Structures are given as C-alpha cells and as structure tokens.
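Q: quick one, fold the following:
(one chain, ligands or ions: 1)
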Amino acid sequence: MSRGLPNQHRYLHRIPPTPLVPVALGDHPPIWCKLEFLNPSGSTKDRIARHILEKACRQGKLNPGDTVIEASSGSTSIAMALACAQLGLKFIAVMPEGVSNERTFMIRAYGGVVMLTPKAEGIRGTIDRAVEIAAERGAFLPRQFSNPDNAEAHRIGTAREILDQIPDGAVDVVASGVGTGGTLVGLYQGLTDGGASVTPVVARPVSLYGENELECCSFSSQIPGVVDSISEIFSEAVLPGLTTIEVKDDLALDTARQLIAAGFPVGPSSGLNYVAAVEARKALSRPDAVVVTVFPDRMERYFTTELFRPLRCGDA
Ligand code: PMP
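A: Numbers count the residues shown, from 1 in each chain. Here you go, the predicted structure:
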C-alpha cells in the first residue's frame with residue numbers, strides 16, 4: 001500500500017470531540033469521564049501524536065517520507081504509528097521487551113517497525129536507545145516525556161472540549177494517572193485558562209506485597225502507561241494545590257472490570273483514574289462539585305494481561 005495518502009483520505013483533523021459522560025458505578029454522585037478510548041487508535045495518545053506531528057510538519061521539521069521514532073511502552077507508539085500512516089511518514093517504535101503482541105501487531109499493521117530493548121534496562125533504556133537510533137538515522141523524535149506540545153495537545157484540545165461539554169464549564173477537580181504528565185498538566189492548564197478554579201489530583205497506583213502486606217508500597221506494574229519519576233513535563237509544571245491519591249492496583253483492575261461490565265471497554269488506567277476521582281469527590285463538601293477524569297485507552301490491548309486473568313482462568 002502506498003505511503004503519503006492523498007489529502008482526501010486523511011481524517012485525523014475531522015475527529016469529533018470524545019464524549020464526556022457522567023458515570024457512577026456505586027451509590028455516589030457521578031464522575032464526569034472523558035471517553036478517550038474512542039480515539040481512532042484506541043487511546044488518548046492519538047491527540048498528542050496528531051498534534052506533535054502536524055505541528056512539526058507545519059514548522060518544516062518533518063516532511064513526507066521522513067522517519068519518526070518513539071520510545072514508549074505502548075499507547076503512544078500505537079498512536080504515532082496510526083498518525084504516521086495517515087501523514088505519509090515512516091515510523092519506528094522502540095519498546096521494552098515483554099510488551100504484548102496486541103501492541104506490536106497494531107504498530108506493524110500500521111506499517112511501523114518495532115525494535116525491542118532489554119527488559120532489565122527499563123523505560124530509561126528504551127528512551128536512550130530511541131535517541132541513539134534517531135541520531136544515527138537523522139529521524140524525528142517526538143520526545144513525549146519532555147515535549148511541551150504533549151501537554152499543549154490536551155490544553156488546547158481535551159480541556160477545551162471538556163469546558164464546552166460540562167454544564168456552565170465549571171470543573172472543581174481533575175484527576176489522572178501520570179505517565180508523561182501531558183494529560184494532567186494539559187488539562188489543568190486548559191481548564192484554568194478557561195476560567196475554572198480546578199484542583200489537580202494525581203492517581204498513583206500502588207502494589208502491596210510482602211508476607212503480611214504491611215510493608216512497602218511501590219509503583220504498580222499492573223497499570224501500564226502510568227510510570228514514576230520520568231517526566232520532565234510533570235516535574236516542571238506549576239500545579240497549585242496538587243494532591244496525590246493512592247489506589248491499590250487490585251482495586252484499579254477490579255474497577256476497570258466493573259467499568260467494562262457496565263459497557264465501557266477500558267484498560268486498567270481507567271479503573272485507576274475512576275477510583276481516584278471518586279475518592280477526590282468524597283473529600284469535597286459541595287454536593288454539586290464537578291470532578292472530571294479520563295478513560296485513556298481500550299480493553300482490547302490487555303487480553304493477555306492481569307485485567308483479563310479472571311476470564312482466561314474461567315473464574316469470572
Ligand atoms: N493511561 C494510559 C493507558 C497511558 O498509556 C498513559 C500514558 N502513557 C497514561 C494513562 C498517562 O497519560 P500521560 O502520559 O498523559 O500522563
């Protein structure tokens with residue numbers, strides 16, 4: 001199939017706002033949830049892929065046929081692969097070993113190339129390798145962890161949609177897990193630009209382990225996309241009133257399963273975000289307070305993970 005589609009085959013600029021819907025799984029006031037899994041590649045990362053690449057094309061930093069390289073454990077690479085297919089660019093995804101076939105197949109199906117880095121080197125090793133390959137090949141690096149256009153995509157896109165979708169445009173709390181931080185930082189900035197007085201809340205997944213489960217909390221490996229201490233966007237942002245809500249990963253996964261059972265085909269981080277939003281909601285005294293969160297991606301990329309273990313093992 002040819003690269004460099006004629007303009008009339010491109011549709012990324014025509015995508016309508018994702019829905020923002022009130023969701024209440026239990027007996028509590030609803031949380032406003034942005035259904036980002038409805039983006040074309042299945043995640044909110046379509047927004048940053050499109051914004052970063054189109055901006056680079058407008059600025060002459062990218063031309064048809066050029067190569068884009070992204071280091072990511074999944075969603076961003078899938079989104080970049082789709083956007084590159086649409087924009088007539090080549091794409092290489094550098095990913096840590098162990099990512100699921102669901103992810104690598106999607107990237108390759110969009111015409112991208114997948115290169116794997118040793119698991120032991122972690123996401124940092126993946127990022128370093130992507131930088132090396134980009135230097136060798138003169139390729140474009142979107143640098144999702146440090147590129148301000150990541151947060152800008154949410155500031156001028158997702159946040160403005162929310163302000164149009166919420167009655168009166170009043171938002172009191174925005175809650176999200178942090179990977180690059182682009183979602184939370186961009187939403188906070190965009191909602192504030194629009195006049196909302198909003199408190200940002202980090203949804204932080206924790207794993208409990210050890211014999212008596214008393215010891216030691218650490219970042220969860222069960223909630224892909226949400227990682228610790230790596231994002232310049234997040235650490236450099238000014239986020240007054242920033243609050244962190246810790247969510248056990250088994251609760252996040254169970255909540256994601258409940259959301260799926262309610263007809264929201266989401267991945268683990270949506271469960272995480274929803275639980276944190278409900279907790280943040282409880283802390284507010286006003287009954288009419290508006291709490292917003294995002295459902296970042298779709299369930300289909302998690303069939304081989306813990307999220308679907310009850311179904312695979314027949315105990316659901
Ligand atoms: N959920 C999923 C599934 C993700 O892939 C990511 C980001 N990698 C996030 C949440 C966090 O979003 P952000 O990078 O904007 O902080």
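Q: next, the nearest residue to L239 once chain neighbours are set aside: secondary structure please.
A: Leaving out its chain neighbours, the residue that sits closest to L239 by CB to CB, 6 or more residues apart in numbering is P200, at 4.8 Å. Where C-beta positions appear, they are placed from N, C-alpha and C, glycine not excepted. Of the three states, P200 takes strand under DSSP: H, G, I helix; E, B strand; the rest coil.
Q: show the pLDDT at P200.
A: At P200, the model reports a pLDDT of 98.
Q: now do the same contact list for it.
A: V173, V174, A175, L184, L187, Y188, L239, G241, L242, T243 (CB atoms under 8 Å, 6 or more residues apart in numbering).
Q: ok, what's across the strand from it?
A: Under the criterion DSSP bridges, P200 forms beta bridges with V174.
Q: follow-up on the earlier one: which of the contacts of P200 lies closest to the ligand?
A: Ranked by distance to the ligand (CB to the nearest ligand atom), these are led by L184 at 6.1 Å.
Q: isn't the closest one up against I233?
A: No - with contact defined as CB atoms under 8 Å, L184 does not reach I233; the gap is 9.2 Å.
Q: neighbour count: the two, which is higher?
A: Set L184 next to I233 and count neighbours by other CB atoms under 10 Å: L184 wins out with 29 against 25.
Q: measure the more buried one to V227 for me?
A: Per CB to CB, to the nearest Å, L184 is found 13 Å from V227.
Q: which positions in stretch 259-272 come out as buried?
A: Within stretch 259-272, the residues scored as buried using 16 or more other CB atoms under 10 Å are L259, I260, F264, P265, V266, G267, P268, S269, S270, G271, L272.
Q: got the residues of the chain near the ligand?
A: 43, 75-76, 177-183, 224-226, 267, 269, 296-297 (CB under 6 Å from any ligand atom).
Q: on that earlier part again, out of the contacts of P200, which are inside strands?
A: Among those, the members found in strands (DSSP state E) are V173, V174, A175, T243.
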